[in-house]
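Visitor: Give me a model of this one.
(chains A and B)
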Amino acid sequence: MRKILLIFLLLGMGLTQHALAQGGKKVTGKIVNADDGTPIPGVSVKVEGAKTGGVMTDVEGSFIIVANPGQKLVFSYVGFTPQTLEVPAGNFPFPMVRLKTSSKELVEVVVRDTYGSHAAKAFTGSEVSVKGAAIENKPYSTIGQALQGQMAGVTVTLNSGQPGANNQIRIRGINSITSQDAAQPLFVIDGMFVTTGNLAQNASTSNALSGLNNDDIENITVLKDAAATAIYGSRGSNGVIVITTKKGRSGKTQVRADAEYGTSANMPLPKAGVMASPAQYRELFNEAFKNYGYTDAQIATVDSTYALNSAGNDWYDLVTRNGTQQQYNISLSGGDEKTRYFSSAGFFNQNATILKSNIRRISGLLNIEHNINKQFSVQTGLNFSNIQQNTPLAGSAYFGSASSSAFFLRPFQLAYNADGSVNSSIVGNGNFPNSGNYNPLYIADHDKRLLSQTRILGNETVKWTIWDQLKYTGYVSIDLQSLEETTFLNPTVGDALSLNGSGRSQYTRFFNWLVRNQLDYRYKIPSLEDVYVDAAVGYEAQRSTNYYNNAYSTGYPATQPDLTAVGVAATPTTASQLFSNFTYAGLYGKANVNFKSRYSLSGSIRREGSSRFGGNNQYGTFWSVGGAWNIDQEKFFMDQSILTGLKLRSSYGTTGNANALNNYTWRPTAGYGFNYNLANGQDYNTIGNTNLKWESSKKFDIGLDLGFFNDRLAVEVDYYNNKIDGLIQTVRLPMELGFASTSVTSGQPQNIGAMTNRGYEITIKGLPIQTRDFTWSVNFNVAKNTNKMTKLATADAPNGNYWLGVGYSYYTWYARQYKGVNPDNGNALWWYDAGKTKDTTNYSPAARVQYGHADPTFTSGLSNTLTYKGISLTFDFYGSFGNRINDNWSYYLNDGAYITGSNKYSYNMKRWTTKGQITDVPKMVYGGGSSSSSSSFSTRFLYKGDFIRLKNVALGYDFKNISLFKKAGLSKLYLYGRATNLWTKIFDDRLPFDPETAVTGVFNEEVPQVRTFTVGVNVGF
Amino acid sequence: MYNMKINKTLYYLLAATMLTSSCKKDFLDEKPSNAVVVTDAIKTSNDLADAVNGMYNLSKATTFFGRDIPVLGDLLADNTYVNVTNSGRYLVENNYTYIATTAEASNIFSQGYYIILQANRIIYEGLKLPSSASNNQLIGEAYAMRGLCYLELVNWFGAPFALNPNADGVPIITQPSYVTGFSLKLSRSKVSEVYARLITDLDSAYALMPANGTNGTTLHATNSDYIAKYATKAIQSRAYLYKGDYANALTAAKLVIDNGGYTLAQTPAAFSAFWTSPTATTTKLETILELNQNASSNIGNTGLDAIFSQSGYGDIQATNDLYNSYSATDSRKTLMINGSRGGAQAYIINKFSNYTNTDKDETKVIRYAEVILTAAESYARTGDEPNALKYLNMIAQLRDPSFGGFASTGAQLITDILNERRKELAFEGLRFFDFTRLNLAFTRPAQPQAYPSYPTVSQTDIRRILPIPQAERDANINITQNPGYGN
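Guide: Model (predicted):
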């Protein structure tokens, strides 16, 4: 790599001399987008009337052309209104050229990634972007919530309504099977590869990105194919989400203030999933015992044991509440040609609809750009935030979880005592005995699960124009995250009862820095008209250091409920501390050859090493080639009038996924941490694998961009085929090698598996109506993805409830086939054989079959914005189709199997009761019908996961044209009302839970998503 | 001039880039904060001692000496049974239905080799260190532990030596897997080869370990939590006995008796005090090797004590047959309690009585009484009956002061010795091997409160040998299965 760099530099020196040798007056200038002040690369600049000698702007929007004073320069670029300016006489600098867009926001003109800007026409990769305006002022605590449905091929799974929840984002399918985190895309904020994910140790959920204020975002670009991601090397394979924050614009200082307030409530449960009422539960309960063979007298006894004689209560109602939502943002933007700044402050507060769950964020952003002189400019960015979160236990894994209590607690476990106090009794089935959910109201009042997360994200950029064609960019960034967690479990009710209460104090810190040095070189081949070469080389290094500690103690004074600090407790139990670091270092290069914006050829290469790669594989090389043909620039294109734009592009290359590697996975190590006879002990307990490396992905993409009706209708179609190999799987080793014991992780991680993700994406953007007063813009996208395993470490075999086999999607369900209910006796029936020729009431011998998959086949988004004068109406739909989903606790929440254990979905009211009755719910039998297996996992509990959701509806009015406000000094006044998750269409009447499940397709009694109603105002000065 | 300036600048840039590139090697070298790179893990005597401690710690695991091995050694024989009131543990062993995927067999196999891996790296890395008395002691302990593990593995998974020394034993690996490489696919060595290996290991250990006090070292000399010099001979005497090599068994046992310095409890009170103490023995009383379970590091409720104690799982009790074999005055009878389980009478095992204490019972591996009874049996089988009786009665009369002593000869003497072994070593997991090494058919006594059992174990019963774990055979195609467990 060093040699390549050298060659580039020498080449640069030689060519520069050549360029300087040309004669004439040199005119230099810069072209920016009039809308947002960002530079536009790829603009054609010509001397009016001249046939040759045209030039094109570079990545900074700069151009150099030979012209004489008095001559006129013509600036033209697709999507912009052409402009003509005269070359000033003398030594006056050429003014900043501001081009106005011609068709509104339909066509992207600039693609920005971490390594520069590209003229969209010349860009050979597949990307999609969304402007900040589309995501701001929404009641979303995380960026994932805002991105859902906005972009083709970007699937965001929102399966928790807990504020600040970690979102699972998948770009073009599941790219890794190692873990959920290993399949997450790379996030880059203002050039920094930031720390993402749930960084907390104990909080039930957290999201490193929830500190980012969506109102501070200028643009989000998602890079999908090899041409776009190979330069990100071993971290590009899952796709890259490039976030750019707002920058200042020269001109009058603009002040903007936004305020929003609203309420939230749970989305209604699907009809099948409303829990049985006390009366319904009693009916099912008694029937289950009757069918079990109990006499009326015995039933009366068991009724009284389970306290079925009270009025009961509605747990779903008791653990949920109305939430509130508010956010306030203020920003300043301004400056001059020399210095520009953007600064903002934000406050965001959300009280969730589940007990004791909330988030509060304060955030600030400061971006300053300063041109020192013609050669040097500097940029500084500082983004800080603090989040305070209450993160109560959620999901089905915990007895202390309020969300699962809504399902599991029987209606006759009473929340309150007769005197109105919260019931804390753990004696008797009318109360909350151990080995069942605790009274969530008591837990909410007495336990603490606090998270305070602070982030400082800062960056500094120096740009040095060494000479016209050679530019240097130096960049350094730090990303500091610190998390403090305080957990207290009370000594009276819950998990810490036997411990007399427990407390935990945890501190986690991620310090992550990155430096980048890049040289950009632009070369116009002198002998060829209109041929440009843009090339860059760079070196990048990153180190992330993670530190955490944990103090845990038990035995709290029961009569001092406010004393929850760890030091108060009688028994210090655990004190631990750990570091975990990783580094990356890479050299990269890229080049683009562009002929008249007609043909464009690009290539990129990155050679990268990482501490995460095994000692024998410490460096990897990743590359891509891509081409684009702007057919609309061809002469023959002018012969037709249907299309106004046409571009064909394709790329191929390799990227890697180092997320699949933990920091020290490859290291064979001997660990400490226990004693033998009170002396230190050491064991070789991490097998390691010095050959271990990144998972690699070979990506092919071909796309067609079409424009119709003067680009008022734009269609983008992409087909892709990603072949992923070297998936890290644990390979079982012969036991005599030592690593098969139950005392260690068995087997060795090796790069073994392979799979493909294949699919297509269609995006249609249109302005069907555009008149002076009325516009209607529509944005539709749909993506299809097919995942297939092609190689596995082990023979095809069931993987829990999934089938892990070559030729199948990773999340293919594997289940016994449910036939229904025998109308004669109410017993559950399954198909004995895969071919459904014979049924059986015996669950175990029934054959298991592959039955659909949990990953959606299609995901789609549809946004509409209608504006009439100042009024605008926006509505966004999101849809997901083609998957099957399951409830992890279906065996518990259906049938009589655990009738004494938990409440039941009210769908069970359809159970068989009389001979001849046709239904799909078997008769209620205590302990379960059909040999206790009636509610065991089968296709009966694999529901259609398809849904369409009206995610967002907003109605606003823009007062900007009302003179009264102008007089008051306001440049903008916009009022709006917004509702989210107003309507959901599901396609399976039996489905008892919200169809939006985790990537695994499994519902775990999580905090439900919410419906919010907000009103807000944006004011500009 | 201008160009020259630029060129100069470029060279600086270039030099800077080279500089940052050149320190890359170190930059990429990140190491964990709670573990050491294994090839750097043993560089000093101190590291060696840490590694030896780690090796012992693994051997006390539930899946090895901590519970599975001692439980199975009695349960598969006639000393214990699983009560009908149980937590679901050891049911397939109780009724002899274990198969290639049964967890306990698999766990003994895998844990055994995990300990061997530690021993292998201690030997491999330890021999690179400068020779010293304490290093030799520690390396010797690793040799001895490896020998002991191979003895367990070959006895559980291979045919008895006396029956077929050429039968498949277990694979032999003597180097750490980071040296052998992970693609190694060994075959099972013959039973005789495994015995040869483990006897050599124990000889190596004995030869390496300094005699007490020589060179000023007393490292691990008296604390029974570690393998002392004569503990290697104690283990070796067991190995020779199991092999049927009685002359060598006697030689090894006599070395322990004559030179080891071990003593037996001289009174019932002392005997009782010995068993109730949860701390490591440092006086060479009764125990030769036991594994440390202290208040801060122990196997909690998954130990042998928990499977016996009615405060723990309490699933396994002594058979009536065993209980009744003790005379009323035998102090060993007090190690059982005539109690109840699930509402029915049962003989509760109380040999390991510290379950409810934070400091748990040490896990017994080999005791002096076993060595004495090995000597007795070896004398009897090599024709020296007076000495056999001397050692047999040493145990029998110390445990039961009212007992007048044995005076039997011939086959009866052998039977008396085996019965004494049963009584002395009950619940320590050795009974099963007295049947298998001698290829005796045996009856597992009927118990009214037992989970369904399996009464008669013939000489040809396939379950006298545990199955090779299926997971092992899935990972290594060269490994054969034991007869009768399918293919």
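Visitor: Going by C-alpha atoms from here, please, whenever you check contacts or count neighbours.
Guide: OK.
Visitor: Show me what residue A:341 bridges to in the sheet.
Guide: With DSSP bridges as the criterion, residue A:341 is bridged to residue A:334, residue A:368.
Visitor: Residue A:259: helix or strand, and which one exactly?
Guide: In the assignment (DSSP states H and E), residue A:259 maps to strand A:251-266.
Visitor: Find me the pLDDT at residue A:722, would you?
Guide: For residue A:722, the pLDDT comes out at 97.
Visitor: Burial check on it, number of neighbours?
Guide: 26 (other CA atoms under 10 Å in any protein chain shown).
Visitor: Equivalent analysis for residue A:564, please.
Guide: Residue A:564: 23 surrounding residues under other CA under 10 Å.
Visitor: three-state assignment of it?
Guide: Following DSSP: H, G, I helix; E, B strand; the rest coil, we place residue A:564 in the coil state.
Visitor: so what's it up against?
Guide: Contact analysis of residue A:564 by CA atoms under 8 Å, 6 or more residues apart in numbering or on different chains lists A:488, A:503, A:556.
Visitor: I figured the second one was touching residue A:488, is that so?
Guide: Yes - with contact taken as CA atoms under 8 Å, residue A:503 and residue A:488 are classed as touching, separated by 4.4 Å.
Visitor: residues of the helix or strand just after the strand holding residue A:259 that come out buried?
Guide: As assigned by DSSP H and E, the chain's next helix or strand after strand A:251-266 is helix A:278-292. Going by neighbour count (16 or more other CA atoms under 10 Å in any protein chain shown), the buried part of helix A:278-292 is A:278, A:280-282, A:284-292.
Visitor: Tell me the one of these nearest chain B?
Guide: Taking CA to the nearest CA as the measure, chain B lies nearest residue A:292 of those, at 24.9 Å.
Visitor: end-to-end on stretch A:1004-1013?
Guide: One end of stretch A:1004-1013 to the other measures 27 Å (CA to CA, to the nearest Å).
Visitor: what's the answer for stretch A:834-854, then?
Guide: Stretch A:834-854: ends 20 Å apart by CA to CA.
Visitor: so who does the closest residue to chain A within the stretch 201-350 of chain B touch?
Guide: In the stretch 201-350 of chain B, the residue that lies nearest chain A is residue B:292 (5.6 Å; CA to the nearest CA). Counting by CA under 8 Å, 6+ apart, residue B:292 touches A:676-677, B:57, B:60, B:225, B:280, B:298, B:362-363.
Visitor: Then residue A:985?
Guide: A:947-949.
Visitor: pLDDT at it, what is it?
Guide: What the model reports for residue A:985 is a pLDDT of 96.
Visitor: if we take the contacts of residue A:985, which one ends up nearest to residue A:174?
Guide: Within the contacts of residue A:985, proximity to residue A:174 (CA to CA) peaks at residue A:947, which comes in at 20.1 Å.
Visitor: of all the buried residues of helix A:278-292, which comes closest to residue B:262?
Guide: Nearest to residue B:262, judged by CA to CA, of these is residue A:292 at 64.7 Å.
Visitor: mind listing what the residue of the stretch 301-450 of chain B found nearest chain A touches?
Guide: Of all residues in the stretch 301-450 of chain B, residue B:362 sits closest to chain A, at 10.3 Å by CA to the nearest CA. Counting by CA under 8 Å, 6+ apart, residue B:362 makes contact with B:278-280, B:290-294.
Visitor: For PyMOL, what selects the buried ones among those?
Guide: Here is the PyMOL command that selects only those of the contacts of residue B:362 that count as buried (16+ other CA under 10 Å):
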select buried, chain B and resi 278+279+280+290+291+292+293+294
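Visitor: Switch the contacts of residue B:362 over to TSV; also include secondary structure and distance to residue A:574.
Guide: Output for those, formatted as TSV (DSSP: H, G, I helix; E, B strand; the rest coil; distance: CA to CA, whole Å):
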residue	secondary structure	distance to residue A:574
B:278	coil	24
B:279	coil	24
B:280	coil	26
B:290	strand	28
B:291	strand	24
B:292	coil	21
B:293	coil	19
B:294	coil	17
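Visitor: Alongside chain B, which residues does the stretch 351-500 of chain A contribute?
Guide: Neighbours of chain B within the stretch 351-500 of chain A, by CA under 8 Å from any CA of the partner chain: residue A:466.
Visitor: need the strands for the stretch 351-500 of chain A, in chain order.
Guide: A:358-371, A:376-390, A:448-467, A:470-489 (DSSP state E, counting those that start in this stretch).
Visitor: Strand partners (parallel or antiparallel) of the third one?
Guide: Here the strand partners of strand A:448-467, with direction, are listed using DSSP bridges: strand A:376-390 (antiparallel), strand A:470-489 (antiparallel).
Visitor: Residue A:149: which of those is closest?
Guide: Among those, the nearest to residue A:149 by CA to CA is strand A:376-390 (26.2 Å).
Visitor: what sits against residue A:245?
Guide: So residue A:245 contacts A:189-190, A:216-219 (CA under 8 Å, 6+ apart).
Visitor: 6 Å - rerun?
Guide: Each residue near residue A:245 by CA atoms under 6 Å, 6 or more residues apart in numbering or on different chains is listed here: A:216-218.
Visitor: quick one: which of those has the most company?
Guide: residue A:216 (28 neighbours).
Visitor: Farthest pair within the contacts of residue B:362?
Guide: Maximum pairwise distance in the contacts of residue B:362, criterion CA to CA, is 12.1 Å, between B:290 and B:294.
Visitor: Can you give the distance of the strand holding residue A:259 from its chain's centre?
Guide: Relative to the chain's own centre, strand A:251-266 is displaced by 24 Å; criterion: CA atoms, centre = their mean, to the nearest Å.
Visitor: Point out the other helices and strands that that strand packs with.
Guide: Judged by 3 or more CA pairs under 6 Å, 6 or more residues apart in numbering or on different chains; DSSP states H and E, the packing partners of strand A:251-266 are strand A:323-335, strand A:1010-1020.
Visitor: Just send those back as TSV, with mean pLDDT and mean neighbour count too.
Guide: Formatted as TSV, the helices and strands packed on strand A:251-266 follow (pLDDT from 0 to 100; neighbours: other CA atoms under 10 Å in any protein chain shown):
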stretch	mean pLDDT	mean neighbour count
strand A:323-335	95	20
strand A:1010-1020	94	21
